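just the structure for this:
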Amino acid sequence: MKTGLITSDTYQDHNTGQGHPEQIARVSVIIENFKKINNKNVFWKKPTIITDKILKDTHDESYIDLVKNSFPTKGFSSLDGDTIISPGSKKATFDAAGSIITAIDGVENKDFKNAFCPVRPPGHHAEKNKAMGFCIFNNVAIGANYLLKKYNYKKIAIIDFDVHASNGTANIFYENEKVLLISTHQYPYYPGTGSEKEKGKFNNILNIPLAAGTSSEEYLNAFERVLKKLSEFKPQFILISAGFDAHENDPLAQINLKTEDYHTITKRILEASKKYCDGKVVSILEGGYDLKALQDSTKRHVDALLEFN
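The predicted model follows:
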């Protein structure tokens, strides 16, 4: 089977202004790279339009309305100090959320084995009723709730290897025993959450805080805790918040992963998924701000997804 690549050209219209790290080129370099490689086992697909009904399973209705009415007709506006929006941001935001729905449906319908969504804006800092840290809607959380409601799953695991703690995803699922969130991240660091004490109401959150300067070997050793928790939970579907900003070249953090580590991490997740959920895995882009590191690391991430087919 194939690996789905779900994305839309509308990411190009989400202009965050000159010098902003969450820039258009983040997705451009990924897509151009995959088009150049032209692997026949990559299944390209555009996202379907996401409905308010699906969004309301994750975000407050008042917040969704606020977001819809916040996009400027010209120039720039902001939803928080870091989250800049422009006229074209609206379609990009809704397409980013829609991509994970399309990816999940594709896996469930056996159009492809697994999927990666190279989209922007990212999502894992967005809370139920709050934009934060470049994020507007929490794409991965929307996907998890969709799996619970549409496909009636009882156990969804979210693995977040972005360098920043997934405060938004934790906020949304803190009291939901059906969703396990596992996050590896630099700590203490933005957004200030993600200590080991934050466990969720049902012990359904595992934070693995890492010190600045953590090496590949130290990270991969710590990642064994991710796999142990997965084996205890036995998920029916795995979603990945795939941030690539723990790379040693990334300008926004100080974890020292190498490009090849993302292949190793992804492969370990996929091997676990084979045991528990027949390899049902959907991954969506979060952070990653060195363009070359992002391009190379996403290739190795997708290489692992393709090899698993």
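
what about Thr73, neighbour count?
The number of residues packed near Thr73 is 7, by other Cβ atoms under 10 Å. All C-beta atoms are positioned from the backbone trio N, CA, C, and that covers glycine.

next up, the contacts around it.
The neighbourhood of Thr73, defined by Cβ atoms under 8 Å, 6 or more residues apart in numbering, consists of Pro87.

assumed it was part of a helix.
No: per DSSP: H, G, I helix; E, B strand; the rest coil, Thr73 lies outside any helix segment and is coil.

sheet partners, orientation included, of the one helix or strand Leu206 maps to?
Here Leu206, judged by DSSP states H and E, is contained in strand 205-210. Strand 205-210 sits in its sheet next to strand 179-186 (parallel), going by DSSP bridges.

just how off-centre is the strand holding Leu206 within its chain?
16 Å (Cα atoms, centre = their mean, to the nearest Å).

can you list the neighbours in contact with it?
The set of residues that contact strand 205-210 without belonging to it, under Cβ under 8 Å, 6+ apart, is 165, 170, 173-174, 180-188, 194-196, 198-199, 218-219, 222-223, 225-226, 229, 255.

with stretch 28-35 instead?
Contact with stretch 28-35 is made by 5, 7, 12, 42, 118, 285, 291-292, 294-295, 298-299, 302, as judged by Cβ under 8 Å, 6+ apart.

what comes up buried for it?
Within stretch 28-35, the residues that qualify as buried are Ser28, Val29, Ile30, Ile31, Asn33, Phe34, counting by 16 or more other Cβ atoms under 10 Å.

number of residues surrounding Thr102?
Thr102, neighbours per other Cβ under 10 Å, totals 24.

rounded mean pLDDT for the helix or strand hosting Leu66, please.
With secondary structure defined by DSSP H and E, Leu66 is part of helix 61-68. With pLDDT averaged residue by residue, helix 61-68 scores 98.

what of stretch 141-154?
Model confidence over stretch 141-154 averages 98 on the pLDDT scale.

check the offset of it from the chain's centre.
With Cα atoms, centre = their mean, you get 16 Å for stretch 141-154.

now the closest residue to Pro122 other than its chain neighbours: how far from Phe134?
Nearest residue to Pro122 in three dimensions, chain neighbours excluded: Glu286, at 4.5 Å (Cβ to Cβ, 6 or more residues apart in numbering). Relative to Phe134, Glu286 is positioned 9 Å away (Cβ to Cβ, to the nearest Å).

mind listing the shared neighbours of the two?
Pro122.

who's more crowded, the two?
Per other Cβ under 10 Å, whichever of Glu286 and Phe134 has more neighbours is Glu286, with 29 against 25.

go ahead and confirm the more buried one touches Asp160.
Yes: distance between Glu286 and Asp160: 7.2 Å, which falls inside the contact criterion (Cβ atoms under 8 Å).
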